[in-house]
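# fold the following for me, if possible:
(one chain, ligands or ions: 1)
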Amino acid sequence: MGLNEVSYGHKPVLINTVEKYCGLKKGDTVIDCTLGLGGHSEMFLKHIGAKGWLIAFEQDENNLKIANERLNKNKNKISIYNDNFVLLKTRIDELKLKGADLIFFDLGLASTHVDAPERGFSFQNDGPLDMRFDTRNRLTAEEVLRKYSEKRLEEIFKSYGEERYAKKYAHIIKRALPITRTKQLADLIQRFAPRQKFYGKKKLIHPATRIFQALRIEVNKELEVLEDALRQAIRILKKHGRLIVISYHSLEDRIVKNVMRDAAKECICPREVPKCICNHKPEISILTKKPIQPEEAEIQQNPRSRSAKMRVAEKL
Ligand SMILES: C[S@@+](CC[C@H](N)C(=O)[O-])C[C@H]1O[C@@H](n2cnc3c(N)ncnc32)[C@H](O)[C@@H]1O
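Model prediction:
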């Protein structure tokens, strides 16, 4: 067991594959948009050496502190921001940075979020219905349930949770208010959920899983910032610089796939135009035609990696 696993939880997701694709060399500049506990960044620092520069974003103050302690023993130049990654371009302009050799996103939550009941992300352990990555923000999951209309809750459960029973759950939640604890919400959903069947070998998930996902995405406005940040990242990359994104659910992966596909297009003329007139130039080439997923051994060691999908593009 390596130092990473002893001190900082699981090995970072797809670490060997990220290392293979990162294309880093001594003196390079890396932007880690989701620093987390600093696992991937620790590996990047080895590649860029003492002359390299790591710029990182992490909106969770606790994770940022852990990562800072882990990384600051290095002699590299490191700039860490307790910011949402949607501020990528703003911070890069302030730093007067010319461009980056790698921009990396490992989306979603960290193990520290799931393991801390008081953060309200987990329905396995009871805690307040919070779910904020950044505790400076005001909106919590409890407030979403209390303040949003039944219709709006239904839409969120449908679009962010892809929940088949969105209407039913929105209705029973509104009738059961106040709901302030994670267990209270999970038990309520479980009580009203239709009995699940196994489909082939597919593992059953807790019926509240999609509701929790939807609330987390809404509280942290996760999808709203992603597309914007990815487009900023593509602009900031140097020629031959790489964009690596790991996502954990289909909604995120769809955004990543579409942004990369649009930026890689040769032509953006409408279909009805017989000959290209747009003069559009592709900005990137996609290096992973299909997303890369972890092997079974990694999934056994770290079940959360099961849903990971990694896509890579290179700036032209
Ligand atoms: C999966 S973890 C990253 C783990 C990290 N790669 C490591 O090796 O430890 C995702 C992290 O990104 C942070 N995060 C998620 N969305 C963010 C955003 N929009 N801006 C900044 N940080 C974000 C979360 O707080 C979490 O700590």
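# so which elements touch the longest strand anywhere in the chain?
The strand that spans the most residues within the chain, counting by DSSP state E, is strand 237-247. Packing partners of strand 237-247 (3 or more CB pairs under 8 Å, 6 or more residues apart in numbering; DSSP states H and E): helix 15-22, strand 100-106, helix 222-236, helix 250-264, strand 309-315. Glycine gets a C-beta too; all of them are placed from N, C-alpha and C.
# close to the ligand: what parts of the stretch 1-150 of the chain are there?
12, 34, 36-40, 57-60, 63, 84-85, 106, 108-110, 133 (CB under 6 Å from any ligand atom).
# mark which of the residues you listed are part of helices, please.
Judged by DSSP state H, the subset of those located in helices is Gly39, His40, Asn63.
# residues near the last one, how many?
With neighbours defined by other CB atoms under 10 Å, the count for Asn63 comes to 22.
# Lys25 now?
Neighbour count of Lys25, defined by other CB under 10 Å: 11.
# could you check how far it is from the ligand?
Lys25 sits 21 Å away from the ligand, going by CB to the nearest ligand atom, to the nearest Å.
# ok, Ser307 next?
Counting by CB to the nearest ligand atom, the separation of Ser307 from the ligand is 12 Å.
# Arg164 now?
Distance of Arg164 to the ligand, given as CB to the nearest ligand atom: 27 Å.
# how about Pro294?
Computed with CB to the nearest ligand atom, the distance linking Pro294 and the ligand is 13 Å.
# and what of Phe121?
10 Å.
# do the same with Met131
Applying CB to the nearest ligand atom, the value for Met131 to the ligand is 11 Å.
# does that residue touch Val219 like I think?
Yes - Met131 is in contact with Val219 according to CB atoms under 8 Å; the separation is 4.6 Å.
# run through the residues that contact the residue in the stretch 151-300 of the chain that the ligand sits nearest to.
Residue nearest to the ligand within the stretch 151-300 of the chain: Val225 (5.2 Å; CB to the nearest ligand atom). Residues in contact with Val225 (CB atoms under 8 Å, 6 or more residues apart in numbering) are Asn84, Phe85, Val86.
# mind doing that once more with 6 Å?
Neighbour list for Val225: Val86 [criterion: CB atoms under 6 Å, 6 or more residues apart in numbering].
# could you do the one 3 residues further on as well?
Applying CB under 6 Å, 6+ apart, one finds that Asp228 lies in contact with Val86.
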